[in-house]
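**Q** the sequence and its predicted three-dimensional model are supplied below.
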Amino acid sequence: MANSGIQKWIRPAIAALPSKRKLGLAFILLLVFLVVATPLFNRWMYPLNYEEKILYSAETTGADPFLVMAIIRVESKFKPDVESHAGAQGLMQLTPNTVEWVVERGKFSPAFKDEVHDPAINIHMGSWYISGLLKEFDGNKIAAIAAYNAGPGNVKKWLEEGRWDGTRRNLGQIPFGETRHYVQRVVFFQQKYRALYSHLIKERDTFTRPQ
C-alpha cells in the first residue's frame, strides 16, 4: 500500500518534467551563460584601472605588470588619493623615504617628489622600485614582495639570521604578521590579474610592433 501511494506522487511529477529535448536546450543555454557571465563576474571582482600606464612603466622598468597590478590592488584598490598614517602616498603607497631612495637611485627628476599622487608618476616609481627589489633579492619574488611591505633591511636581516628562508611555503616564519598576510594577498591577486588580463600584453605587442 505504501509503495502504491508513493507511485501516485512520483508519476505526475515525472510527467510534468520537460522533454529531453527541452532539458538539453536548457543545459546548453546554461553553459553559454556561464561561459559569458563568469569572465564578466571575475572582472567585476578584480577590476583594473590605469592599465596603459602600468604596461608602459612595467615595460620600461622591467617589472612584471601583473605584480604591479596586484600591489596597487592591495595597497590602494586603484584609488590614487589614498594616504596612509605613515605618509605612504598614491596608487602604490610610496613612503617619503622610498620616494627619496627611488628618485636618487633611479635618477628621476626631483620634481617627482611633489607629484607622487599623479598616477603615471606613482606607478612609474613604484614599478622601478619593485623591479629593483627583485634584483636586490636575486629574482626572489616572494622576498621582494615582503620587502615592499616590511622594507628591504628587515627582510635581509630575517634571511641572514635564518629566521625566514625566503620561500612562499614558509611564510609562517616571517616575524611580521602584516607582512605574511601582505605577501599572500599580493601573490593571490597577481595570479588573478595574470589569468584575467594577459590579453592586454598581446594586444599591446600587436599595436607597438613595427609594421
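**A** Perfect, I can see it now. Residues are numbered from 1 along each chain as shown.

**Q** every contact and neighbour count from this point should use C-alpha atoms.
**A** Noted.

**Q** contact partners for A150?
**A** If a contact means CA atoms under 8 Å, 6 or more residues apart in numbering, then A150 has 176, 179 as its contacts.

**Q** meant to ask about I130
**A** Counting by CA under 8 Å, 6+ apart, I130 touches 63, 68, 144-145, 148.

**Q** before we move on, what about L171?
**A** Applying CA under 8 Å, 6+ apart, the residues near L171 are 164, 180.

**Q** again, 6 Å this time
**A** Under the criterion of CA atoms under 6 Å, 6 or more residues apart in numbering, the contact list for L171 reads R180.

**Q** tell me the pLDDT at it?
**A** Here the pLDDT value assigned to L171 is 97.

**Q** which element is the residue nearest in space to the middle of the chain on?
**A** Here the mean C-alpha position of the chain is nearest to the C-alpha of A70 (CA atoms, centre = their mean), at a distance of 2.4 Å. Per DSSP states H and E, A70 falls inside helix 65-76.

**Q** centre of the chain to the host helix or strand of H124, how far?
**A** If you go by DSSP H and E, H124 is part of helix 119-136. On the basis of CA atoms, centre = their mean, to the nearest Å, the separation between the geometric centre of helix 119-136 and that of its chain is 15 Å.

**Q** if we can go back for a sec, closest one of the contacts of I130 to I121?
**A** When the contacts of I130 are compared for distance to I121 (CA to CA), V68 wins out at 13.5 Å.

**Q** could you report the pLDDT at the closest residue to the closest one other than its chain neighbours?
**A** By the measure of CA to CA, 6 or more residues apart in numbering, the closest residue to V68 outside its immediate chain neighbours is S127, 6.4 Å from it. As predicted, S127 sits at a pLDDT of 98.

**Q** neighbours of S127, just the number please.
**A** With neighbours defined by other CA atoms under 10 Å, the count for S127 comes to 29.

**Q** tell me where the chain is predicted with low confidence.
**A** Using pLDDT under 70 as the threshold, the predicted model of the chain has low-confidence ranges 1-43, 203-211.

**Q** tell me what the longest helix along the chain is packed against?
**A** If each helix of the chain is counted by residues according to DSSP state H, the longest one is helix 177-208. In this structure, helix 177-208 makes packing contacts with helix 65-76, judged by 3 or more CA pairs under 6 Å, 6 or more residues apart in numbering; DSSP states H and E.

**Q** now do the helix it packs on against helix 119-136, angle only.
**A** Comparing the axes of helix 65-76 and helix 119-136 via axes from the mean of the first three to the mean of the last three CA atoms, to 10 degrees yields an angle of 110 degrees.
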